[in-house]
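> Task: produce atomic coordinates for the following.
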Amino acid sequence: MHVFKVWAPLAKSVAVQVDGRSSSMAGPDNAGWWIAAVDSATYGIDYGFRIGTGDTAYPDPRSQWQPNGVHALSRVYDQSAFRWTDQGFQARPLASAVIYELQVGTFTPEGTLDAAIAKLEYLRALGITHVELMPVAAFDGNHGWGYDGVSLYAVHEPYGGPDGLKRFVNAAHGLGLAVLLDVVYNHFGPTGNYAGKFGPYLTHAHKTPWGGATNLEESGSNEVRRFLCDNAQMWLGDFHIDGLRIDAVHSFVDRSAIHFLEQLATEVETLGATLGRRLVLIAESDLNDPRIVLPRDCGGFGMDAQWSDDFHHALFTVLTREKLVGYYSDFGAFAQLAKAMEQTFVYDGIFSRYRNRIHGRTARNLSQHRFLGFIQNHDQVGNRAVGDRISQSAGIDRAKIAAALVLLGPFIPMLFQGEEWASTSPFLYFADHGDRELARQVSEGRTREFLAFGWDPATIPDPESYATFKCSKLNWDELPEPAHAAMLDWYRKLIQLRRTTPSLNNGEPGNTKVTYNEEQRWLRVARGSIEIACNLAPNSESLPAERGAKLLLVSRPGVVVEEGSITLPPDAAAILHADAIL
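Take a look at the predicted model:
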């Protein structure tokens with residue numbers, strides 16, 4: 001027997017269809033829920049819900065298994081059937097994390113969670129502590145980034161379905177690796193979303209750039225918030241996920257007395273205490289609002305950390321030789337990179353030309369371990385016209401400088417799949433929408449977007465083409481090649497240095513001091529006993545050095561340390577150790 005429940009507050013009648021037979025459901029109760037117990041329903045049987053007098057059986061909004069895609073019937077899944085072997089696993093504190101973001105479909109040739117398991121030992125040996133999966137919630141089509149999920153409780157079947165995700169998490173925990181999962185709660189994907197047939201999951205009062213916005217404050221929003229919070233608890237509890245990265249929280253519109261993020265943080269804290277596990281929430285936000293990561297008892301929303309876009313933009317724009325357009329037009333100076341590394345937000349209540357308004361609020365008094373630092377992620381690579389990486393847009397030598405500043409900087413470092421060996425595979429925007437008209441609009445929209453920046457339409461990959469997806473897959477055969485092996489060795493050494501040096505794990509404000517020369521294009525970052533000296537000039541630069549300073553690592557040959565000075569060739573970084581850094 002299985003008990004079926006569904007929230008459909010406006011329906012006059014609801015029936016559950018199980019194995020071709022319909023059974024009327026009792027309801028609605030005061031909250032709008034319908035219920036039916038079906039004796040013949042067991043694990044593995046297909047079902048759907050019929051609303052009113054309609055003949056169509058729709059998939060369950062809370063379906064945990066969609067083996068035949070998001071348009072097909074749901075299948076009963078037994079969360080208790082999987083045999084876990086990760087008892088006693090405890091994720092490292094987020095402050096000591098080195099995070100690795102990956103997209104399941106392109107991380108391996110097979111594009112499955114089971115295939116990704118075979119790479120976990122490689123990540124462990126690299127020094128990774130937390131693996132962050134881009135969204136795995138079921139979406140329309142075979143392949144895509146995952147940010148257009150529509151069946152939020154089901155794992156995308158081409159990745160391996162729910163058991164595939166459990167096998168991955170179990171294997172990661174067995175190697176001492178924590179698993180973070182990217183979730184999208186601000187909108188649903190454009191096709192395959194049947195939740196709206198059941199209730200007011202979306203609001204028409206406002207929109208996101210990606211579709212209708214989730215209803216967090218209007219009539220019916222209590223159950224919509226419950227839907228999202230229960231989803232988070234399912235990933236963390238039933239799937240043993242160690243933390244969630246919450247996509248684009250700046251797109252939430254919630255004027256409730258208790259903001260959705262605060263509610264979510266409260267419930268996750270309670271779940272962690274109940275399970276005896278360390279669970280974390282990481283937000284993506286472009287608001288530059290410290291309240292996102294302030295504790296709830298200090299008037300904040302209680303997120304454990306958020307992505308640091310200002311650091312990325314400031315670092316990228318001093319490395320690249322490109323014309324600075326869009327949000328990059330607000331950056332480009334060494335002074336801004338220095339401010340990002342010392343104070344986290346560059347735009348902390350100052351005027352933004354790109355936004356044409358005052359933006360942000362200071363976070364200078366917050367631990368910098370509340371923020372993730374990176375030079376690449378899925379957005380910052382995939383939203384470029386041809387998906388090129390920092391090693392291609394800025395060159396290998398400057399990519400090594402970027403790695404040093406990310407991995408030895410004040411923020412929790414995050415890498416994006418393949419950057420550690422300077423992968424030549426692009427990471428493009430790709431999708432597989434079954435609706436041909438929607439697919440056409442996506443393809444044409446992508447072309448128009450980059451035409452405005454002067455790109456030749458013929459050079460812009462079609463996101464709906466299978467070839468675009470295929471060429472975004474990592475080429476693991478590159479690793480033994482000398483240039484790629486050298487980059488991988490650089491990353492390993494930097495990660496090892498961070499993991500073994502106390503001052504590099506100190507996120508307190510004031511622990512990072514930056515000096516620079518805008519005209520001569522050099523930058524020095526002092527973090528306790530460690531200094532990162534970087535030269536981005538076209539010629540060698542000699543800088544003062546603490547007497548007795550020890551040279552630990554160099555990004556390229558030609559660095560010379562003499563008594564009281566260090567000489568850096570063009571596009572080079574050197575890591576020094578001294579008891580007292582100038």
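
> where does this structure have its least confident helix or strand?
helix 436-451 (a mean of 85; mean pLDDT, DSSP states H and E).

> Quick check: next helix or strand after that one?
On the C-terminal side of helix 436-451, the nearest following helix or strand under DSSP states H and E is helix 466-471.

> ok, and what's touching that following helix?
105, 106, 143, 425, 426, 428, 429, 430, 432, 461, 462 (Cβ atoms under 8 Å, 6 or more residues apart in numbering). To be clear about C-beta, it is placed using only N, CA and C from the backbone, and glycine gets the same treatment.

> Quick check: which helices or strands does the lengthiest helix in the chain pack against?
The longest helix of the chain (DSSP state H) is helix 482-500. With contacts defined as 3 or more Cβ pairs under 8 Å, 6 or more residues apart in numbering; DSSP states H and E, the packing partners of helix 482-500 are helix 120-126, helix 396-407, strand 550-554.

> Could you give the average pLDDT over the last one?
Strand 550-554 shows an average pLDDT of 96 in the prediction.

> From the chain's centre, how far out is the longest helix of the chain? Work that out for me.
Offset of helix 482-500 from its chain centre (Cα atoms, centre = their mean, to the nearest Å): 23 Å.

> contacting residues around that helix?
Here helix 482-500 has contacts from 96, 98, 125-128, 391, 396, 399-400, 403-404, 407-408, 413, 415, 420-423, 478-479, 504-505, 530, 552-553, 555, 575, using Cβ under 8 Å, 6+ apart.

> The next helix-or-strand element following it - which strands sit beside it in the sheet, and in what orientation?
Per DSSP H and E, helix 482-500 leads on to strand 512-517 as the next helix or strand towards the C-terminus. Next to strand 512-517 in the sheet, as set by DSSP bridges, lie strand 522-527 (antiparallel).

> the inter-axis angle of the partner strand versus helix 482-500?
Taking axes from the mean of the first three to the mean of the last three Cα atoms, to 10 degrees, one finds strand 522-527 and helix 482-500 inclined to each other by 40 degrees.

> what comes up buried for stretch 90-106?
Buried residues in stretch 90-106, counted by 16 or more other Cβ atoms under 10 Å: 91, 94, 97, 98, 99, 100, 101, 102, 103, 104, 105, 106.

> Show me what whatever helix or strand residue 282 lives in is packed up against.
Per DSSP H and E, residue 282 falls inside strand 280-283. Judged by 3+ Cβ pairs under 8 Å, 6+ apart, strand 280-283 is in contact with strand 243-246, helix 260-275, strand 305-307.

> try 6 Å
strand 243-246 (3 or more Cβ pairs under 6 Å, 6 or more residues apart in numbering; DSSP states H and E).

> packing partners for the strand it packs on?
strand 178-183, strand 280-283.

> Could I have the CA atoms of the least confident helix or strand of the chain written out in CSV?
Extracted in CSV, the C-alpha atoms of helix 436-451 (Å, rounded to 0.1, in the frame of the first residue of the first chain):
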residue,chain,number,x,y,z
ARG,A,436,10.8,23.3,-31.0
GLU,A,437,9.5,26.9,-30.9
LEU,A,438,11.1,27.5,-27.5
ALA,A,439,14.4,25.9,-28.9
ARG,A,440,14.3,28.3,-31.8
GLN,A,441,13.8,31.3,-29.5
VAL,A,442,16.7,30.2,-27.3
SER,A,443,19.0,29.8,-30.2
GLU,A,444,18.0,33.2,-31.8
GLY,A,445,18.2,34.9,-28.4
ARG,A,446,21.7,33.7,-27.8
THR,A,447,22.8,35.0,-31.2
ARG,A,448,21.2,38.4,-30.6
GLU,A,449,22.8,38.7,-27.2
PHE,A,450,26.3,38.5,-28.6
LEU,A,451,25.6,40.4,-31.8
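
> Centre of the chain to it, how far?
With Cα atoms, centre = their mean, you get 24 Å for helix 436-451.

> ok so, going back, mind checking which of the buried residues of stretch 90-106 are in helices?
Of these, the ones assigned to helices by DSSP H are 104, 105, 106.

> mind listing what the last one touches?
So the one you mean is residue 106. Counting by Cβ atoms under 6 Å, 6 or more residues apart in numbering, residue 106 makes contact with 472, 473.

> before we move on, what about the first one?
Applying Cβ under 6 Å, 6+ apart to residue 104 gives the contacts 113, 159.

> What segments of the stretch 251-400 of the chain are helices?
260-275, 309-319, 334-343, 378-382, 390-393, 396-407 (DSSP state H, counting those that start in this stretch).

> Remind me what the longest one packs against, helices and strands.
With contacts defined as 3+ Cβ pairs under 6 Å, 6+ apart, the packing partners of helix 260-275 are helix 221-233.

> Alpha carbons only: can I get the helix it packs on in PDB?
Output of helix 221-233 as PDB, limited to C-alpha atoms (Å, rounded to 0.1, in the frame of the first residue of the first chain):
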ATOM      1  CA  SER A 221       2.700  30.900  -0.400                       C
ATOM      2  CA  ASN A 222       2.800  29.000   2.900                       C
ATOM      3  CA  GLU A 223       2.600  25.700   1.100                       C
ATOM      4  CA  VAL A 224       4.900  26.900  -1.700                       C
ATOM      5  CA  ARG A 225       7.500  27.700   0.900                       C
ATOM      6  CA  ARG A 226       6.800  24.400   2.600                       C
ATOM      7  CA  PHE A 227       7.400  22.700  -0.900                       C
ATOM      8  CA  LEU A 228      10.800  24.400  -1.100                       C
ATOM      9  CA  CYS A 229      11.900  23.800   2.500                       C
ATOM     10  CA  ASP A 230      10.800  20.100   2.300                       C
ATOM     11  CA  ASN A 231      12.800  19.800  -0.900                       C
ATOM     12  CA  ALA A 232      15.900  21.100   0.800                       C
ATOM     13  CA  GLN A 233      15.400  18.700   3.700                       C
END
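
> between that helix and helix 260-275, how big is the angle?
Orientation of helix 221-233 against helix 260-275 (the same axes, to 10 degrees) gives an angle of 40 degrees.

> Could you list the residues in contact with helix 221-233?
Outside helix 221-233, the residues that touch it by Cβ under 6 Å, 6+ apart are 7, 152, 153, 185, 201, 215, 244, 260, 264, 267, 271.

> cool, and stretch 369-389?
By Cβ under 6 Å, 6+ apart, stretch 369-389 touches 95, 101, 134, 293, 305, 307-308, 311-312, 315, 344, 390, 402, 406, 409, 411-414, 416, 419, 426-429, 450, 455, 460, 507.

> residues of it that come out buried?
Here stretch 369-389 shows 369-382, 384-385, 387, 389 as buried, counting by 16+ other Cβ under 10 Å.

> same question, stretch 520-534
Going by 16+ other Cβ under 10 Å, stretch 520-534 has these buried residues: 521-534.

> pLDDT below threshold where in this structure?
Regions of the chain meeting the criterion pLDDT under 70 cover residues 452-454, 579-582.

> so which of the buried residues of stretch 90-106 comes closest to residue 567?
residue 98 (30.8 Å; Cβ to Cβ).

> The closest one: what's it in contact with?
So residue 98 contacts 127, 128, 129, 413, 495 (Cβ under 6 Å, 6+ apart).
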